[in-house]
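*Asks:* I would like the atomic coordinates for the input below:
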Amino acid sequence: MDLVDLFPFAPELGYLSLALVNFFGSLVPFIPLPGFLLLATMAVGDQFDLHILALLSAITATIAKQIIFYVSYGGRKIIAEKTRKRMRPFERLVKRYGAAAAFFAAATPIPDDLVYVPLGLAKYNPKRFFVATLAGKIVLSYIIVAISHYLGFSLVEPFLENIDDSTPIYIGIVVFGISMAAVIILLLRLDWTRILGRFAPWTLVDDEDSNKSS
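*Replies:* Numbering: from 1, shown residues only. Okay, the predicted model is just below:
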């Protein structure tokens, strides 16, 4: 099977297909793979402008992640106080390195919502979050476009040559998303006071108390 077979509609819909798949793929937490694969597919050859592909992918992904950030930003009200108390040290940790953490999560293929959700819960500055995330997504998109355009599918196709049906791939993407959702649930259930108290005791100090002492 050719990687292009995963998205047979891409040539017909063009940039619109990339915008839709990348936006909704990024909007669903922890499942970024469809957007990555489609971007790589469309970057092969000269049918599409590489700069438009990279920027369109970065912008649509950033908008989707901004929505997830705002949902987390307001979602702290629906999280049990017991869970919020456990999460506060971790929130303070990611908030201190907010811009760098958001950029790193966006510029690498890691499940970035593992960083974005805590940043929203910690009420990190939305404008800084947007700028850092957009910058990271631009870097990642250009890397994907450059590798796909100049190296083709030589790095990926050996894994697909014996696959005739794309259904297992789609199932694998869904399973990956469910696994990452389970990680977030675990993240919410961990006692971060005990974990970070050993390595970053400053995360145990409430911001208001810190300001009073200073």
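*Asks:* ok, which stretches of this structure are helices?
*Replies:* 10-13, 15-27, 33-43, 50-75, 81-96, 98-107, 113-121, 126-151, 157-160, 167-189, 192-199, 207-213 (DSSP state H).
*Asks:* Select from those the stretch with the lowest mean pLDDT.
*Replies:* The minimum mean pLDDT among the helices of the chain belongs to helix 207-213 (a mean of 46).
*Asks:* Do I have it right that L27 meets T62?
*Replies:* No: contact criterion C-beta atoms under 8 Å: L27 and T62 do not qualify, at 11.4 Å. C-betas here are computed from N, CA, C, even on glycine.
*Asks:* Distance of L93 relative to P118?
*Replies:* To P118, L93 is 8 Å away according to C-beta to C-beta, to the nearest Å.
*Asks:* So the two - more neighbours on which side?
*Replies:* Taking other C-beta atoms under 10 Å, L93 and P118 do not tie; P118 has more neighbours (24 against 19).
*Asks:* In space, what's closest to that one - neighbours in sequence excluded?
*Replies:* Leaving aside its sequence neighbours, P118 sits nearest to V94 (C-beta to C-beta, 6 or more residues apart in numbering; 4.7 Å).
*Asks:* looking at it, the one you found is touching G120, isn't it?
*Replies:* No: contact criterion C-beta under 8 Å: V94 and G120 do not qualify, at 9.9 Å.
*Asks:* Which residue is the nearest non-sequential neighbour of the residue most central in space within the chain?
*Replies:* Nearest residue to the geometric centre of the chain (C-alpha atoms, centre = their mean): D112, 3.2 Å. Distances taken as C-beta to C-beta, 6+ apart put A105 closest to D112, at 3.7 Å, once the chain neighbours are dropped.
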